[in-house]
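>>> Need coordinates for the below:
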Amino acid sequence: MSKQPSIWTTVLSHLKLEAPKGPVLYFAPAVLQATARRFVQGFDGVVTYAVKANDLPVVLENLVAAGLSAFDVASPAEMRALRAVSPDVVMHYNNPVRSPEEIDFAVEMGVASYSVDSLREFEKLRRRVPPEGIEMSVRLCLPVEGAAYHFGEKFGADPELAAELLKQVAAAGFVPSMTFHPGTQCADPAAWVHYIEVCADIAEAAGVTLSRLNVGGGFAANRGVAPDLERIFDAIHDAVEKSFGATPPQLVCEPGRAMVADAFTLATRVKAVRDNGDVFLNDGIYGALAEAPQIGTVNRMRCLRADGTGFEDALTPRVIYGPTCDSIDRLPDPMPLPEGLAEGDIVLFDGMGAYSFAMATRFNGYGVLDLVTVQDLQNLSSWGG
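Numbers count the residues shown, from 1 in each chain. Predicted coordinates:
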């Protein structure tokens, strides 16, 4: 048997020669590195990556190669994954709830920055983390609009508690900072502006000069509408300059979804088409499409016939089910698909790098996702690639 290439030119070249029966996630390193450069060149501060979005070694390796030197981790497992790729990158541990054992492990791994949003959790950190040179970021939560969903119900302190925490952080000898997260898939610069203004007010009320301000993740990925990241970068810069004046804190951001989403395309096959037109795919919400019930389906779909040719059929809304025996394994809204779509045809979902591999389960024995590296995700002009 001839050895197949480890890097394919296009999605189509792999589909033609391999004819995969299961779902495939195609990865384009060039796209990931270009996105990393966009953040590094456009954001006025330190760019980190939220490992939770996609912790595949190839993702971490490519981001280190693109120049990222700091990463946001949420667990010991993510710390191990990162250290396996690079022994000296900086780690920020911004999951604000940790067991004593997790804190001890973080100290052992040399974590440089922690977030905190409650007095009890701060006391836990204070007892176990040597303060010298270690950053402690107080996490703020505000009611803001513009995101697909918010994290405030689970994480973040209100302004009064944040001010008290900031005082205690500084008094304990940690490097005092603040952080926030405007909510996932946020495209409204006003959310960042409001948070920055309130952070400045809190620091002034606490009598503490912030060393750094982490403006979070939340940056939107293209799920049908391309985000204007530069507009958000400019709004952040202007708000910090206006709110903090002559002594602005150093800025940090931690994109996850926006960093990795565009570097992956999911290829699925049609398993069946019901008499009423409903479509069953070989992947669903227990696999790479796990986020769909919470924030909607990625509205970036392309369809090919089983022989690789395109469709010229009219589009019609179809209910889409996944492969499992669970009736809730369906996409939340009918999606426009060609009228002639049939069993064996291919449905591609672009922008699938975030929370796909990371959230896929093996329910009913499904959820096994092949990973294939390609040079080009978008070229569908030729079945031969």
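>>> contacts and neighbour counts: CA atoms only from here.
Noted.
>>> What does the pLDDT read for residue 381?
On pLDDT, residue 381 comes in at 56.
>>> One more: residue 193?
The pLDDT attached to residue 193 in the predicted structure is 97.
>>> Now do it against residue 50, distance only.
The span separating residue 193 from residue 50 equals 21 Å under the rule C-alpha to C-alpha, to the nearest Å.
>>> just residue 251 next, same as before
Distance from residue 251 to residue 50, by C-alpha to C-alpha: 16 Å.
>>> okay, the two: which has more neighbours?
For residue 251 against residue 50, the residue with the higher neighbour count under other C-alpha atoms under 10 Å is residue 50, and the figures read 26 against 20.
>>> ok, now which ones touch that one?
When the contact criterion is C-alpha atoms under 8 Å, 6 or more residues apart in numbering, the partners of residue 50 are 71, 72, 73, 217, 254, 255, 256.
>>> do you know how far it is from residue 253?
Taking C-alpha to C-alpha as the criterion, residue 50 is separated from residue 253 by 9 Å.
>>> Kindly report the same for residue 270.
When C-alpha to C-alpha is the yardstick, residue 270 and residue 253 sit 39 Å from each other.
>>> all strands for the stretch 101-250 of the chain, in order.
113-116, 135-140, 175-180, 212-214, 250-253 (DSSP state E, counting those that start in this stretch).
>>> Which residues does the last one contact?
Applying C-alpha under 8 Å, 6+ apart, the set of residues contacting strand 250-253 from outside is 44, 45, 46, 47, 48, 211, 212, 213, 214, 215, 216, 217.
>>> for the second one, same thing?
Applying C-alpha under 8 Å, 6+ apart, the external contacts of strand 135-140 come out as 112-117, 155-159, 162, 165-166, 169, 174-181, 199, 213-214.
>>> how big is the angle separating it from strand 175-180?
Compare the direction of strand 135-140 with that of strand 175-180 by axes from the mean of the first three to the mean of the last three C-alpha atoms, to 10 degrees and you get 30 degrees.
>>> Now strand 135-140: average pLDDT?
Over the span of strand 135-140, the pLDDT mean works out to 98.
>>> just the helices in the stretch 101-250 of the chain please.
Taking DSSP state H, counting those that start in this stretch as the criterion, the stretch 101-250 of the chain contains helices spanning 119-128, 159-171, 189-206, 229-244.
>>> Please parse the chain into its domains.
Here the domain parsing of the chain from the TED database is 8-26+262-376, 29-260.
>>> Run the chain-centre distance for the first one.
When you say that, I think you mean domain 8-26+262-376. Here domain 8-26+262-376 is found 20 Å from its chain centre; the criterion is C-alpha atoms, centre = their mean, to the nearest Å.
>>> which residues are in contact with the top strand by length along the chain?
Longest strand in the chain, counting residues (DSSP state E): strand 264-273. Applying C-alpha under 8 Å, 6+ apart, the contact partners of strand 264-273 are 21-28, 279-283, 288, 323, 342-353, 377.
>>> Separate out the buried members of those residues.
When the contacts of strand 264-273 are checked for burial by 16 or more other C-alpha atoms under 10 Å, the buried set is 22-28, 279-283, 288, 323, 342-353, 377.
>>> Many thanks, have a good one.
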